[in-house]
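**Student:** I need the structure of the sequence given here:
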Amino acid sequence: MAVTIENLVTSGTFSLDGGTWEVDNNVWIVGNDEECVIIDSPHDAAAIIHQVRGRKVLAILLTHAHNDHIGAARQVAQAVGAAIYLNSEDLILWDQVYPDIQPDRQHVDGDLFEVGGATLRAIHTPGHSPGSTCFYLESEKTVFTGDTLFHGGPGATGRSYSDYPTILASIRERLLTLPADTVVRTGHGDNTTIAAERETLAKISQ
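**Tutor:** Purely as a prediction, here's the structure:
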């Protein structure tokens, strides 16, 4: 049975540095009819749990720890009995949302997650946040980039714990080296491709 990729969009707010913004977030569910992993858990726990449809959830993989990507994570984890994975460099952001509890486990660059006969590989891509991580599903020619790479270029770096030169280096060295036809599935908005974003980044100096 081939692995499937499902997209759920949830809506809520993103808050950091004293500001709050309305946002729509992508939730990605990768698996088959029996098991899956959830990539990010924003805003609406009930909607995410419903999308799981009773399957065994092997892991909740967080691309980073801004509140609009983790706000429903604890509730979802408790409902489906899955461990939450986060890169430890983002604990400073996690603690702003969940000061009294830590993620269940840490993921690091190169970690492999098996689901439905396919393998996701963690790619640490700091810049949007210190622990930002993408998940590469080579068999399906796709990469889940969180807020590191969007349709049209890099994610935002204008707030605390972010850095523009770092995100550019991460994208150029860790993502644009993937095959050109790789589909980029983002944390917000539309899909793109590595080929398209190579063209975008070629126009950006530094």
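
**Student:** just checking, what packs against the stretch of helix or strand residue 121 belongs to?
**Tutor:** Per DSSP states H and E: residue 121 is located in strand 118-124. With contacts taken as 3 or more CB pairs under 8 Å, 6 or more residues apart in numbering; DSSP states H and E, strand 118-124 sits against strand 112-115, strand 133-137. Where you see a C-beta, it was placed from the backbone N, CA and C, and this is true even at glycine.

**Student:** among these, show me which one is buried the most.
**Tutor:** Of all the helices and strands packed on strand 118-124, strand 133-137 has the most neighbours on average by mean count of other CB atoms under 10 Å, namely a mean of 24.

**Student:** partner strands of it, with direction?
**Tutor:** Sheet pairing of strand 133-137 (DSSP bridges) gives strand 118-124 (antiparallel), strand 142-146 (antiparallel).

**Student:** return the alpha-carbon coordinates of the last one using PDB.
**Tutor:** This file holds the C-alpha atoms of strand 142-146, laid out as PDB (Å, rounded to 0.1, in the frame of the first residue of the first chain):
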ATOM      1  CA  THR A 142       8.500  15.800  -1.500                       C
ATOM      2  CA  VAL A 143       9.800  17.800   1.400                       C
ATOM      3  CA  PHE A 144       7.800  19.400   4.300                       C
ATOM      4  CA  THR A 145       9.500  22.700   5.000                       C
ATOM      5  CA  GLY A 146       7.500  24.300   7.800                       C
END
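
**Student:** residue 15: neighbouring residues, count only.
**Tutor:** By other CB atoms under 10 Å, the residues close to residue 15 number 16.

**Student:** that one reaches residue 67, doesn't it?
**Tutor:** Yes. Counting by CB atoms under 8 Å, residue 15 touches residue 67, with 5.7 Å between them.

**Student:** nearest spatial neighbour of residue 67, skipping sequence neighbours?
**Tutor:** Excluding its sequence neighbours, the residue lying closest to residue 67 (CB to CB, 6 or more residues apart in numbering) is residue 97, at 4.9 Å.

**Student:** phi, psi of the one you found?
**Tutor:** Backbone torsions of residue 97, given as degrees, to the nearest 10, read phi -100, psi -40.
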